[in-house]
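Student: The following comprises the amino acid sequence and a computationally predicted model.
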Number of protein chains: 2
Amino acid sequence: MGCMTPDGRKPRPVLTDAAYDQIAGFFKVLAEPLRLRLLNALYEGERTVNQLLTVTGANQANVSKHLKVLLEAGLVARRKEGTNAYYMVADPIVFMLCESVCDRQQVFLEMRASMFRENAS
Amino acid sequence: MGCMTPDGRKPRPVLTDAAYDQIAGFFKVLAEPLRLRLLNALYEGERTVNQLLTVTGANQANVSKHLKVLLEAGLVARRKEGTNAYYMVADPIVFMLCESVCDRQQVFLEMRASMFRENAS
DNA sequence: AGACAATATTACTATATAATCATAAAGTAT
DNA sequence: ATACTTTATGATTATATAGTAATATTGTCT
């Protein structure tokens, strides 16, 4: 049962409290800048924690913990090789969601820019 | 510039810290069960705060504050009529995002169910 | 075994925010 | 003006979590 659609073909979704918690929990995973940066750093393929450290410039313990959150949410997968841990994106939904939001933000920026132009004129 | 796509046609997005904060902030708005319930309650059209109170069964002050968050995020719009305030969905992106996540959660539930069946057999 | 490297975990602090109560603000009606 | 309704806004408390430092764990190498 899809959650919500604007087209009216699907009925209004009736969700349990647990379902709302689950969905909100999923969004909460994406609601951290560092986690988004980690996902973005994994865009082209798997990376070790060390590589992610240099890319993000963040604290090692912090990166490990955020990776754990992403792992438990099923958004990334881990592959161990020696002492290294390779992380990779496990669910392409993140790209779709982020792109949608980015486009939306872009629209907002353009709206604000046009408002600024109108105010200036 | 779209944020991320899995198809490789767009280059790896380079985002500023502010952009990550913005995107994370947007997801944070959706990362609350009550806000999702409010959006879902607005699925078929505009509702007053009072109606939203009865639908959600939540505290009045709490609902007002969550509506404010949704309003400032541009996800809902407000129309005042007398002492009533009518809220309505302003950005259909929420339906798309929620549906995607719901479908994903559904997949997870089915995966867990199948694992349960395998374990039981 | 001991030294070293990579990653994970624990303990702690600081900050953000959801929930609630009380109250304010704005509109309507008598 | 007063009473009432609807909604918004403090003020407060409780809880969750991001960041950090220290330590543990795991694997490799000599």
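Tutor: In hand now; what should we look at?
Student: what comes up buried for the helix or strand where residue A:53 lies?
Tutor: Secondary structure here is read from DSSP states H and E; on that basis residue A:53 sits in helix A:49-56. Across helix A:49-56, burial judged by 16 or more other C-beta atoms under 10 Å in any protein chain shown covers A:49, A:52-53, A:56. (Glycine included, C-beta is placed from N, CA and C.)
Student: So what does residue A:84 look like in phi/psi?
Tutor: phi -90, psi 150 (degrees, to the nearest 10).
Student: got it, and the one 3 residues further on?
Tutor: Residue A:87 has phi and psi values of phi -110, psi 150 when expressed as degrees, to the nearest 10.
Student: so it touches residue A:77, yeah?
Tutor: Yes - between residue A:87 and residue A:77 a contact is recorded at 7.2 Å, counting by C-beta atoms under 8 Å.
Student: ok so, going back, ok, the buried residues of helix A:49-56 vs chain B, which is closest?
Tutor: residue A:56 (10.2 Å; C-beta to the nearest C-beta).
Student: Read off the pLDDT value for the residue nearest in space to the middle of chain A.
Tutor: Centroid check for chain A by C-alpha atoms, centre = their mean gives residue A:30 as the closest residue, at 3.9 Å. On the pLDDT scale, residue A:30 is placed at 96.
Student: ok, now residue A:35?
Tutor: Confidence score, pLDDT, at residue A:35: 97.
Student: now do residue A:102
Tutor: pLDDT at residue A:102 comes out at 80.
Student: Could you grab the helix/strand/coil label for residue A:14?
Tutor: Judged by DSSP: H, G, I helix; E, B strand; the rest coil, the three-state class of residue A:14 is coil.
Student: Kindly report the same for residue A:78.
Tutor: strand.
Student: Okay, it and residue A:52: tell me how far apart.
Tutor: 12 Å (C-beta to C-beta, to the nearest Å).
Student: likewise residue A:46?
Tutor: With C-beta to C-beta as the criterion, residue A:46 and residue A:52 are 10 Å apart.
Student: Is there contact, residue-wise, from stretch A:39-54 to DNA strand D?
Tutor: No - Stretch A:39-54 does not reach DNA strand D (C-beta under 7 Å from any atom of the strand); its nearest approach is 11.1 Å.
Student: average pLDDT for that stretch?
Tutor: 95.
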